[in-house]
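Undergrad: Sequence plus the predicted model coming up.
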Amino acid sequence: MDQLHLLWEYQLADVEADKMEASIKRSPTRQKLVKYRDYLLEQQNVMKRIEGEVYTMADRLEALKDAIKMTEEQLRSLQNKLESDAPSTSEGMQQYISDAKRFMNNINAYEQEIKRIRKDASDRERQQHDVKVRAAKAKSEFDKLKVAYDTEYKEKSKELEALKAVAAEKAKPVAPEFMERYKTIKQHSVPPLARLFGDQCGGCNMSLPSAISRRIKAGELVECETCGRLLIII
């Protein structure tokens, strides 16, 4: 058997191993597992985002409390000044009233913002609770599927290893340069070898010059002009 036909025999075994490997990756159980995993990661990101928002709110609350305390001190200072040294003119009294209103308005604005932040914080707590409940349920389903998939994967992995062992045996009589060419073509065309049916490539179904058949029969290595597969006549 020439090298091209030995390579064809290897390809038959290689294709079966690739099919099994693809079957493992396309497993419905694995696909569900991946979806649950991605969902759990998404919920983790949501929790981190909410926690970040809560920390920001907490920092802002502390800043507002300090601002209220400072403004109240300014207001008391203004009141003490009025009691100890009352303005003697209407302009001075008007300035006092204006400053007092400004301090009171600032305190009111700070308190309103505190109320909004506390409401938002309460909303975030509910969101965190909901996320935790959903994540816990998803984690439970994930764990169940993981057990099932591990069993499935173990069984299919044994089959895959057996198929790879067969392919490895088929590869032994193939010359290294042929195997290297096979692997190079496989990077862009799968499977790398294609049968020639008349003047048509069995890989891409494109018609080829009639001289291609004669070249192959003469022992020449010929690749399809369209898909690049190595052509063989069986």
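TA: Done, it's in. Since we're looking at a predicted model, the values are computed, not measured.

Undergrad: contacts and neighbour counts: CA atoms only from here.
TA: OK.

Undergrad: To which secondary structure element is residue 196 assigned?
TA: Using DSSP states H and E, residue 196 sits in strand 193-197.

Undergrad: where's residue 43 relative to residue 137, distance?
TA: 12 Å (CA to CA, to the nearest Å).

Undergrad: what is the rounded mean pLDDT of the host helix or strand of residue 178?
TA: For residue 178, the element it lies in under DSSP H and E is helix 176-186. Mean pLDDT, computed over helix 176-186, is 96.

Undergrad: Just name whatever secondary elements that helix is in contact with.
TA: helix 3-25 (3 or more CA pairs under 8 Å, 6 or more residues apart in numbering; DSSP states H and E).

Undergrad: Run the angle between the helix it packs on and strand 193-197 for me.
TA: Going by axes from the mean of the first three to the mean of the last three CA atoms, to 10 degrees, helix 3-25 is angled at 120 degrees with respect to strand 193-197.

Undergrad: Please pull up the helix or strand immediately following helix 3-25.
TA: Following helix 3-25 in sequence order, the next helix or strand is helix 28-84 (DSSP H and E).

Undergrad: quick revisit: and the strand holding residue 196, what other elements does it pack with?
TA: Packing partners of strand 193-197 (3+ CA pairs under 8 Å, 6+ apart): strand 230-232.

Undergrad: Touching the strand it packs on from outside, list them.
TA: Identification of contacts with strand 230-232 by CA atoms under 8 Å, 6 or more residues apart in numbering yields 4-5, 185, 192-196, 201, 216, 221-224.

Undergrad: What is the nearest of those residues to residue 82?
TA: Closest to residue 82 out of these is residue 185 (93.2 Å), distances taken as CA to CA.

Undergrad: about what we covered before: which ChimeraX command selects the buried ones in the contacts of strand 230-232?
TA: Buried members of the contacts of strand 230-232, defined by 16 or more other CA atoms under 10 Å, are picked up in ChimeraX with:
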select :4,185,192,193,194,195,196,201,216,223,224
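
Undergrad: quick one: which of the contacts of strand 230-232 is nearest to residue 54?
TA: Proximity of those to residue 54 (CA to CA) peaks at residue 185, which lies at 55.6 Å.

Undergrad: Phi first, then psi, for the residue lying closest to that closest one once chain neighbours are set aside.
TA: Nearest residue to residue 185 in three dimensions, chain neighbours excluded: residue 192, at 5.4 Å (CA to CA, 6 or more residues apart in numbering). Backbone torsions of residue 192, given as degrees, to the nearest 10, read phi -70, psi -30.

Undergrad: Quick one: residues contacting residue 192.
TA: The neighbourhood of residue 192, defined by CA under 8 Å, 6+ apart, consists of 182, 183, 185, 186, 229, 230.

Undergrad: quick one: it and residue 201, what's the gap?
TA: Using CA to CA, residue 192 is found at 12 Å from residue 201.

Undergrad: Can you pull out the low-pLDDT segments for this protein?
TA: Low-confidence segments of the chain, defined by pLDDT under 70: 1.

Undergrad: And what about the residue sitting furthest away from the middle of the chain, helix, strand or coil?
TA: No residue in the chain sits farther from the centre than residue 88, which is 72.5 Å out by CA atoms, centre = their mean. Three-state call for residue 88 (DSSP: H, G, I helix; E, B strand; the rest coil): coil.
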